Structure formats: structure tokens, C-alpha cells
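Undergrad: Sequence and predicted model, in that order:
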Amino acid sequence: MTDTPSSTIMSAQELAAALDSLAQAISDAHTGADTIYLLGILSRGRPLADRLAERITSLSGTECKVGSLATTLYRDDMRTGNVAPKIGGDNTHFDFDVNGNSIVIVDDVLNSGRTIRAALDEIMDYGRPARVQLACLIDRGLREVPIQADYLGKSIQTKSADHVRVKLNELDGEDSVTLNVAE
Amino acid sequence: MANENVWTRKHLIGIEELSREEVEMVLDTAPQFLAVQDRESGIKKVPLLQGRLIANLFMEPSTRTRISFELAAKRLSADTLTFSASSSSTKKGETLHDTLANIEAMKTDLVVIRSSFAGAPALLTERHTSNIINAGDGYHEHPTQALLDTFTMRQHIRKLREDDSASLDGIRVALIGDISHSRVARSNIWALKKLGASVILCAPETLIPMDIQKMGVEVTSNLKEAMTDADVVYALRIQMERQASSLFPSLREYIRLFRVDNESLKHAPDNALIMHPGPINRDIELASDVADCNRSLVLEQVSNGVAIRMAVMHLLANSAQPTDQE
């Protein structure tokens, strides 16, 4: 990959500020709720969901339950041969009942929307939530299915060959979002 | 080939030809499918093989293996067809190639075959386009059984050691019973040796194949010796239907010398795990109370079998195969 000029979309401080406002928005939309259920899409959606949960609880005192969604068993491109079956690594796991509850899916980058489509199908196979919403740190456009975020950190314009890289302390040792523009 | 963590095989015929990495890839793919079966309120299936057709071609009687493959296919949302010897045209003299050609003419994507002829599944891969899984061929191999057995062992070793990445390296497994007529034993020996375990076989001398030591296993006819230091005690089925050929003097003697029961288990470590591939002859190779005790993994083997078979089907059918085998 020759992805030269790289520009910073979010610094560590900006990423923290974006999470603060996402947490505020989610919290405001759930006034009166006993519990907020967050499902982070593996791998980077999960630590984001954990951070949002912590912020929401300290903002409003509302308890949050967090789980992980792998979505790999629901991909729509498995038959193309371009994707390898997932071997090892973390799997979908959550300890709560989705039936009748309001769920917020959390992911780092919203792109084609296909991952969220897979996540919706996966959640529905566990039950019938009262409502499902989507929180994303970055929306880079280029949607291929009609899916939009309910809570959004930042929206940017990209071309499909560009590369948006989200780094998180938990997995990458630093917090940042960069855009590598393809030549 | 050998791209790390990418599956490239089109068929699963035996454990013998797999690398350690490939065996581990299957074991590492299974947990996500175990989780699918464990969904309490939801739908116990995923759409990975939606719309694809899997044919189960069972030329030899089998209940649990056939049901396990059928269920695995259904949990992957595939459609299934099951042919058994009694209802198929084999009895009318059709060759195996013709039978499969006819099944493939109905556009199957994957074929699971059980045959009493060693080598039949391998033979079929030469002429047909479907992915082929060997569900047991003669005395040759029963690869998915060995995969589910080693998976079950690994899960328990990990639990016992409280280490999520523990392997079977250094584990000692005693395989007890009819080794000669057992494709389960053969596949398990391959798998265990590849995964770094040591294997001791224990049976009357007439039920131990000549030169089996060449597979890198120890052999004994002394049950006490086999049990000593065994992390896993694996009892094999005595094939009662073969009793006529009198490979040992009497069933009573076999029971006295080779049965896995509370008495013989005194020689094994207290936390040794008990396994059996089923169906069990209760109180012959395995004492009833041992089969039902809390160290017995017999039913867990069955549950894990479905997840392992889902993993195998997914890996074979959804991996990009190298362009027409170089």
C-alpha cells in the first residue's frame, strides 16, 4: 500500500471530546431508562463501547451493559471467496437479553454500512429488541446500503481507496484517527 | 499454501495429511459455533451456507455421525439431502462414482461420505467438483471424530489449567480397546501426535495392529500401566458384531482386564478425563457409573461434534481454493 499523505482527523484530545459528546447524546436520548445496552463491534467498537459506558454512567448514573458482536458469521461477502473464514480471536458475547431492550451498536468507522447490516441480522437472531440504534466515531460516507448513524462523532469525505485508520489505546497503544489519501 | 491462518484445502479426507497448524485452525474456528448452539432464547443458526446444498451419503449404518452432520449443515442454513445405503441404488449395482455423479447433477456444493471402504472418499475427490468430507471410511480415518475429541480435550485442559491458550503439548492420552478395527483410534493418534500429546494404546494383543508403534505411540496390554499418568482415558467401543471372530477368549475376560471402571481408574490420576466415541456398550468397555460421572465428557463430545462439523463445512465451503490445484 502506498498510502501517502496522511492527515490527522482526530487527535487523542479530539477523540476524547468526541466520545464525551457521543456519551452525552446517548445519555440524553435514554433519560428514564434503567439500563443502556451497548454492543461494540469487534475489534475496535468494543473498547469504544466500554469507554462510552463509563462516560454515560458518570454523566447520568445510568447503568450500562456492554457486549461484543463479531458479525463475521453474518457477512454478505462470504461466498465471494475474497474473505477468509474467521479463525480464532474473540467471538460474539453478551450477558443480557436483547428482547424488549433498547440496544446501541457501537463501531469505529461507518463506511459501506454492510457490517451494520450484518450486526442487525445477528442481533435479531438473539431476540427482538425494542429499538436498535447506531453510534459511530467516524462516518466516512460511501454507503452501499441505506443505514445511518443515530449518534456520530465526526463526518468526513473520503474516496473508497483512501484508508481511515482508528487507533485506540487498548489495542494500538495510542488514541488517534488518521486519513491516508490514496495517490 | 501455508499462509498463516488461511485455510486452503478443498476436502477433508484424513488427519494424516493435515499440518498441526491446519488441525489447530479447525479447533480455533469451532468456538464461535459452540456459542451459536448455546443461544438461549434466539435462533440457533447462522446464514453462512444459506442456499447451498449438502448431501450426506451414508453407505454404512450410522446414527449419531449422520445426525451430527445434518444438524451442522442446518445450523449453517444449508439444505440437506441424506442418502443411506439401504435406500440408495448401491444395492442395485450402481458404482460409487455414478452415485455421486447423479447426486452432483442435482447441484450439490458439499458431500459428506461414510463408507466401509478405506479410500473411497479420497477416490471421489479425483473426479467430482463438490467439497468432500470423510465421515469414516473403513479402518482408515474418521477425521471429524478426532477433531471433536481433541477439541474437547483442549477445552478441558484449558479449564483445568485456567489458561485460555493451553495446548495439548505434553498431555498423555490412553486409548483403550479395539485399536485394530478403529478408524477413530487411527485419526485420534494422528491428531494427538500432531498436537504434541503422547499416546499409549492398551488392548489385548490381538486387537493391536502390527507395527502401530511406527506412528509414535506406546503399546501395552496392561491396563494399570496405560492408566498411570493419563490425563485422558479414552475407551473405544468393542465391536460386538465382530465378537464372532473371537479375537479375545471371552467378554468376561475382556471386562476383567480392560474395562474402564472405578477399580481400574484407581491407577489413573484423580482428575483424568473420561471419553468414549459412542455408542457405549455399557459395562463392557466402560462402566456405567463412570460413563455418567462428572469427569465423563461423553455428552460434551456430542455437543462439540456439531460445532466442529460446522467449522469444517464453513472452512471447506467458504475458503478460496488455490486455482485448480497446481
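TA: Arrived safely, thanks for sending. Residues are numbered from 1 along each chain as shown, chains lettered A, B, ... in the order given.

Undergrad: what's the single longest helix in the chain?
TA: All of this is about chain A. Assignment by DSSP state H gives helix A:12-29 as the longest helix of chain A.

Undergrad: oops, chain B please
TA: helix B:298-318.

Undergrad: For that one, name the packing helices and strands.
TA: helix B:20-29, helix B:31-37, helix B:64-75, strand B:110-115, strand B:131-137, helix B:143-161, strand B:273-275 (3 or more CB pairs under 8 Å, 6 or more residues apart in numbering or on different chains; DSSP states H and E). Bear in mind the C-beta positions are built from the backbone N, C-alpha and C, glycine included.

Undergrad: could these be laid out in TSV, adding distance to B:Pro204?
TA: Formatted as TSV, the helices and strands packed on helix B:298-318 follow (distance: least, CB to CB, whole Å):
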stretch	distance to B:Pro204
helix B:20-29	30
helix B:31-37	37
helix B:64-75	26
strand B:110-115	27
strand B:131-137	23
helix B:143-161	23
strand B:273-275	20
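
Undergrad: how about these, which one is nearest A:Ala16?
TA: helix B:31-37 (32.8 Å; CB to CB).

Undergrad: Show me the contact partners of the helix or strand just after the closest one.
TA: Heading C-terminal from helix B:31-37, the first helix or strand you meet, by DSSP states H and E, is strand B:53-58. Outside strand B:53-58, the residues within contact range by CB atoms under 8 Å, 6 or more residues apart in numbering or on different chains are B:66, B:69-70, B:73, B:78-85, B:88, B:99-100, B:103, B:106-114, B:130, B:135, B:313.

Undergrad: If we use 6 Å, what do you get?
TA: Residues outside strand B:53-58 that contact it (CB atoms under 6 Å, 6 or more residues apart in numbering or on different chains): B:66, B:69, B:73, B:78-84, B:103, B:108-114.

Undergrad: Buried only: go through the residues you listed for me.
TA: Buried residues within the contacts of strand B:53-58, defined by neighbour count using 16 or more other CB atoms under 10 Å in any protein chain shown: B:66, B:69, B:73, B:78, B:80, B:82-84, B:103, B:108-114.

Undergrad: Within range of chain B, give me the residues from chain A.
TA: Residues of chain A found near chain B (CB under 6 Å from any CB of the partner chain) are A:Leu73, A:Met78, A:Gly81, A:Ala84, A:Pro85, A:Ile87, A:Gly88, A:Asn91, A:Asp125, A:Tyr126, A:Gly127.

Undergrad: Compare those residues and tell me which is most surrounded.
TA: A:Leu73 (25 neighbours; other CB atoms under 10 Å in any protein chain shown).

Undergrad: Quick check: it is in a helix.
TA: Yes: counting by DSSP: H, G, I helix; E, B strand; the rest coil, A:Leu73 is located in a helix.

Undergrad: Tell me if I'm right that it and B:Lys45 touch.
TA: No: using CB atoms under 6 Å, A:Leu73 makes no contact with B:Lys45, being 9.6 Å away.

Undergrad: returning to that earlier point: okay, among the buried ones among the contacts of strand B:53-58, which ones form the most distant pair?
TA: Of all the pairs that these form, the one spanning the most space (CB to CB) is B:Ser84 and B:Asp109, at 20.3 Å.

Undergrad: Below-threshold pLDDT in chain B: ranges please.
TA: B:1-4, B:86-91, B:241-245, B:322-326 (pLDDT under 70).

Undergrad: Domain boundaries for it, per the record?
TA: Following automatic domain parsing, chain B resolves into domains at B:20-141+B:303-318, B:143-301.

Undergrad: A:Pro146 - nearest residue in space that isn't next to it in sequence?
TA: In this structure, A:Pro146 finds its nearest non-sequential neighbour in A:Gly113, 7.5 Å apart by CB to CB, 6 or more residues apart in numbering or on different chains.

Undergrad: Give me the angle between the longest helix of chain B and helix B:20-29.
TA: 110 degrees (axes from the mean of the first three to the mean of the last three CA atoms, to 10 degrees).

Undergrad: and helix B:298-318, which residues are buried?
TA: B:298, B:300-318.

Undergrad: what comes into contact with that helix?
TA: A:78, A:85, B:7, B:12, B:26, B:29-30, B:33-34, B:48-49, B:68-69, B:71-72, B:75-76, B:110, B:131, B:144, B:147-148, B:151-152, B:276, B:291.

Undergrad: And the buried ones among those residues, selectable in ChimeraX?
TA: Filtering the contacts of helix B:298-318 down to the buried ones (16+ other CB under 10 Å) takes a single ChimeraX command:
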select /A:78,85 /B:7,12,26,29,30,33,34,48,49,68,69,71,72,75,76,110,131,144,147,148,151,152,276,291
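
Undergrad: Give me the distance between stretch B:251-258 and the centre of its chain.
TA: 26 Å (CA atoms, centre = their mean, to the nearest Å).

Undergrad: Mind telling me what element A:Ile138 is part of?
TA: Per DSSP H and E: strand A:131-139 holds A:Ile138.

Undergrad: which of the residues in that strand are buried?
TA: Neighbour counts over strand A:131-139 (16+ other CB under 10 Å) mark A:Val132, A:Gln133, A:Leu134, A:Ala135, A:Cys136, A:Leu137, A:Ile138, A:Asp139 as buried.

Undergrad: Quick one: those as CSV, columns for pLDDT too.
TA: Formatted as CSV, these follow (pLDDT from 0 to 100):
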residue, pLDDT
A:Val132, 98
A:Gln133, 98
A:Leu134, 98
A:Ala135, 98
A:Cys136, 98
A:Leu137, 97
A:Ile138, 97
A:Asp139, 97
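
Undergrad: And the residues you listed, which two are furthest apart?
TA: Using CB to CB, the two most remote members of the buried residues of strand A:131-139 are A:Val132 and A:Ile138, lying 20.0 Å apart.
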